[in-house]
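Participant: sequence? don't have it. structure:
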């Protein structure tokens, strides 16, 4: 199918739980639009969490593409560090980010496969905004991370040879991917508590790497 819309709703249970979040609900709308080999929209939308990728291959560019992205994490709940299974309420805080982006990359369909089977290599420039706020139980001596503009450079790789049903659930095949991120926060300083301080030099410039593989 070249057009799919679906919703998913679930919950995560943790027992014995490391904090007071015994049940964590999760739900999102999923949209897939691939009307032809030139255009692609892949979106997971939950309001407080969104992950959207849209691209087009301009005429004469072959399999090279340009596009837009949007990522956000604005969960209206406090978060904190957990040490040895114990949650420290004194370090509760709200935090989140909003990151639009522009992308350029290479995307090619796999031979003799379904229309959603492809491999992709993309560079994404993500200017964004990070914020934090205090909770009613946050310790008075807890210094919050600064609200700040941040700029991320992200290299994204995806290889997808998974066969799925109309709800995007995997039936057979495999998929893998990786993300490498280099980021810079414009307004940053030491933060945390006197007992647990995060230094400016460890967070103003940062590098993240993540990878995954799945088979069915």
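Facilitator: Noted; the coordinates are in hand. Just so you know, these numbers come straight off a predicted model, no measurement behind them. Numbering: from 1, shown residues only.

Participant: now the element after the lowest-mean-pLDDT helix or strand in the chain, going C-ward?
Facilitator: Averaged element by element with mean pLDDT, DSSP states H and E, the chain has its least confident helix or strand at strand 82-83 (a mean of 68). Downstream of strand 82-83, the next assigned helix or strand under DSSP states H and E is strand 86-87.

Participant: in its sheet, what does that following strand sit against?
Facilitator: Neighbouring strands of strand 86-87 in its sheet, by DSSP bridges, are strand 82-83 (antiparallel).

Participant: what about the helices in the chain?
Facilitator: Here the chain has no helices by DSSP state H.

Participant: pull the number of nearby residues for residue 67.
Facilitator: Residue 67: 20 surrounding residues under other Cβ atoms under 10 Å. Quick note: C-beta positions are derived from backbone N, CA and C, even for glycine.

Participant: do you know how far residue 126 is from residue 66?
Facilitator: 15 Å (Cβ to Cβ, to the nearest Å).

Participant: who has more neighbours, those two?
Facilitator: Between residue 126 and residue 66, counted using other Cβ under 10 Å, the more crowded position is residue 126 (20 against 15).

Participant: confidence score at that one?
Facilitator: Looking at residue 126, its pLDDT reads 98.

Participant: my read is that it contacts residue 156, right?
Facilitator: No: using Cβ atoms under 8 Å, residue 126 is not in contact with residue 156; the gap is 10.7 Å.

Participant: can you get me a residue count around residue 120?
Facilitator: 20.

Participant: what of residue 86?
Facilitator: 9.

Participant: same deal with residue 32?
Facilitator: For residue 32, using other Cβ under 10 Å, the count is 20.

Participant: wait, what's in contact with it?
Facilitator: 1, 3-5, 41-43, 116, 168 (Cβ atoms under 8 Å, 6 or more residues apart in numbering).

Participant: let's see it at 7 Å
Facilitator: Applying Cβ atoms under 7 Å, 6 or more residues apart in numbering to residue 32 gives the contacts 3-4, 42, 116, 168.

Participant: for it, give its distance to residue 186.
Facilitator: From residue 32 across to residue 186, the span is 35 Å (Cβ to Cβ).

Participant: do residue 59 as well
Facilitator: In terms of Cβ to Cβ, residue 59 sits 38 Å off from residue 186.

Participant: higher neighbour count, those two?
Facilitator: residue 186 (11 against 6).

Participant: what's near enough to touch that one?
Facilitator: 148-150.

Participant: ranges for the strands of this protein?
Facilitator: Assigned by DSSP state E, the chain shows strands spanning 3-13, 23-33, 39-45, 49-56, 64-73, 82-83, 86-87, 93-109, 118-134, 148-164, 170-185, 191-193, 196-198, 205-215.

Participant: in TSV: those strands, plus distance to residue 140.
Facilitator: Shown next, in TSV, are these (distance: least, Cβ to Cβ, whole Å):
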stretch	distance to residue 140
strand 3-13	32
strand 23-33	29
strand 39-45	38
strand 49-56	31
strand 64-73	27
strand 82-83	20
strand 86-87	19
strand 93-109	13
strand 118-134	9
strand 148-164	22
strand 170-185	24
strand 191-193	10
strand 196-198	15
strand 205-215	28
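
Participant: closest one to residue 142 among those?
Facilitator: With respect to residue 142, and counting by Cβ to Cβ, the nearest of these is strand 191-193 at 5.2 Å.
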